[in-house]
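In: structure for the following, please:
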Amino acid sequence: MLTGNGLIIGFLVALIILFVLIIKFKWDAFISLLLIAVGLGLVSAIPTRDVPNVVAEGFGATLTGVGILIGLGIIFGQFLAASGAIEKIASSMLRAFGIKNSPYALAATSTTVAIPVFFDAAFIILNKLVQSLSIKTKISLATFVAILAIGLIVSHSLIIPTPGPLVVADQMGTDIGIFFIYGLLVAIPATLVGGVLYGKFIGKRIPTGNRLDDAIEDIENVDTAVSSEIPTWLAYAMLALPIVLILSNTLMNNVVFADAQDQWLPTLFATVGDKNMALLISVIVAMFVLPKYIKESTSTVFRQAFEASGMVVLITGAGGAFGRVVQETGLGDLLINLMQGLNMPALLLGFLFAQILRASLGSATVALVTTASILGPMAIELGVSPVLLGLAICAGGIGLSLPNDSGFWVVSKFGRLTVSETLRVWSLGGFVAGVTALVFIFLLSAISGFLPGL
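Out: You can find the predicted model right below:
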């Protein structure tokens, strides 16, 4: 039975074993997390016969808050991607900003489209546009790859309704609308610094050369040819629908009718603006409105979404199970005492914890879910805003993507970069964005007394 410092050592050993199982032996994260959760429970002070129940309760409790939401969010994103809405939004952004300001247009596009669509899918969809922009503007391909990739991963890690931030917000017990607003605010400087500014810096050191010689003929006019069917207004309307519903709930019940929430109007908005209801309504609208813009059948779109969502749900639940075991062992109090002894700010602790897991495991979602499951219940005790602690954790999931991350190879292959170039463009760029996000979160913390919801 491990207690005290022995428990901390046991926890670190559990993390090392988790890394080895996933990285060395290529075990699936779902099985690895469950096995480590059970193993840590068995060597801790948790009664042996209670360990299975603790694991199951942690799994179920996590999915109670976000399971439906993750599934609906992925289905909604799949409909948007299949309908050509993503390309339409990208083209409209480019027209609005102009070709001279195409880096900023791409930054706005990548940050926007990653809200409903997974990183890998969004990067592949917009890859041809990136190559076209590089050819037409003579700006280094590495610059545009950095902007696209960093914008996508920042949004993926910080902005609801992507799975990672959803779980973090749920574990922190924060209002979804409030978390979305501040996540978006933090994402803007992170994308501008880590994506645009760093992208321009690294692009000057990695010339395009002849990388695109074989692609010029195919992609020269891609930005005007893609997604010609779905209207631009409809693409933006569908993207905004779940966000507007969720924010309407926050606005009506926390601001307009804060003292009269039992009236019928705030009750209506509380119902349709509930996170699960908002995504369900959005999916239903997408099912009726978007099929005529989709080449595949609706059943195919659903099948693709189910294939993507199944493993995400399982990994999310397993991360929650591991977090619950850590809570039951009393490790949380030990971490608080250790942090206080080191005079480490809680926001920095959340960032570093998530960053270490992100770099080691190669999955932003696993890193965010695991960190939030461990630190979430301690937010009040740590004396920090749950919203800001949650965002600090999310910021830790942005950077240091290494070759153990599938996203690393997506950026390398489709971005036409070597491994060393991918490390400089993608891994370091993400780290710059993550640190920028953390700095901005500290600034918000300094003025939190004047800001609503914190």
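
In: tally of neighbours for residue 101?
Out: 13 (other C-beta atoms under 10 Å). From N, CA and C alone the C-beta is placed, and that goes for glycine too.

In: ok, it to residue 108 distance?
Out: 10 Å (C-beta to C-beta, to the nearest Å).

In: cool, residue 384 as well?
Out: Counting by C-beta to C-beta - residue 384 and residue 108 are separated by 31 Å.

In: can you list the weak-confidence ranges in the protein?
Out: For the chain, the stretches with pLDDT under 70 are 65, 211-228, 253-261, 332-333, 335-336, 339-340, 404.

In: the strands in it, which residues?
Out: In the chain, no strands are defined using DSSP state E.

In: can you name the residues that contact residue 346?
Out: Remark: with contacts taken as C-beta atoms under 8 Å, 6 or more residues apart in numbering, residue 346 is in contact with 339, 379, 382, 383, 384, 389, 392.

In: make it 10 Å
Out: Listed by C-beta atoms under 10 Å, 6 or more residues apart in numbering, the contact set of residue 346 reads 336, 339-340, 375, 378-379, 381-385, 388-389, 392, 445.

In: need the buried ones from these selected in ChimeraX.
Out: A single ChimeraX command selects the buried members of the contacts of residue 346 (16 or more other C-beta atoms under 10 Å):
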select :336,339,375,378,379,382,384,385,388,389,392,445
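
In: which of the contacts of residue 346 sits closest to residue 140?
Out: Distance to residue 140, by C-beta to C-beta, is smallest for residue 392 among those, at 32.3 Å.

In: shouldn't residue 176 be in contact with residue 182?
Out: No: using C-beta atoms under 10 Å, residue 176 makes no contact with residue 182, being 11.4 Å away.

In: could you check which of these two has the larger neighbour count?
Out: For residue 176 versus residue 182, neighbours defined as other C-beta under 10 Å are more numerous around residue 182 (25 against 22).

In: contacting residues for the more buried one?
Out: By C-beta under 10 Å, 6+ apart, the contact list for residue 182 reads 158-159, 174, 385, 387-388, 390-391, 440-441, 444, 451-454.

In: filter these down to the buried ones.
Out: The neighbour count (16+ other C-beta under 10 Å) marks 158, 159, 174, 385, 387, 388, 390, 391, 440, 441, 444, 454 as buried among the contacts of residue 182.

In: closest one of those to residue 70?
Out: Nearest member of those to residue 70, counting by C-beta to C-beta, is residue 159, at 14.6 Å.

In: ok, residue 94 touching residue 130?
Out: No: with contact defined as C-beta under 10 Å, residue 94 does not count as touching residue 130 (11.2 Å).

In: so between the two, which is more surrounded?
Out: Using other C-beta under 10 Å, the more surrounded residue of residue 94 and residue 130 is residue 130, with 28 against 21.

In: quick one, phi/psi of the residue lying closest to residue 81 once chain neighbours are set aside?
Out: Spatially, and ignoring its direct neighbours in sequence, residue 81 is nearest to residue 117 (5.3 Å; C-beta to C-beta, 6 or more residues apart in numbering). Per-residue torsions, residue 117: phi -110, psi 140 (degrees, to the nearest 10).

In: I appreciate the help and will end here.
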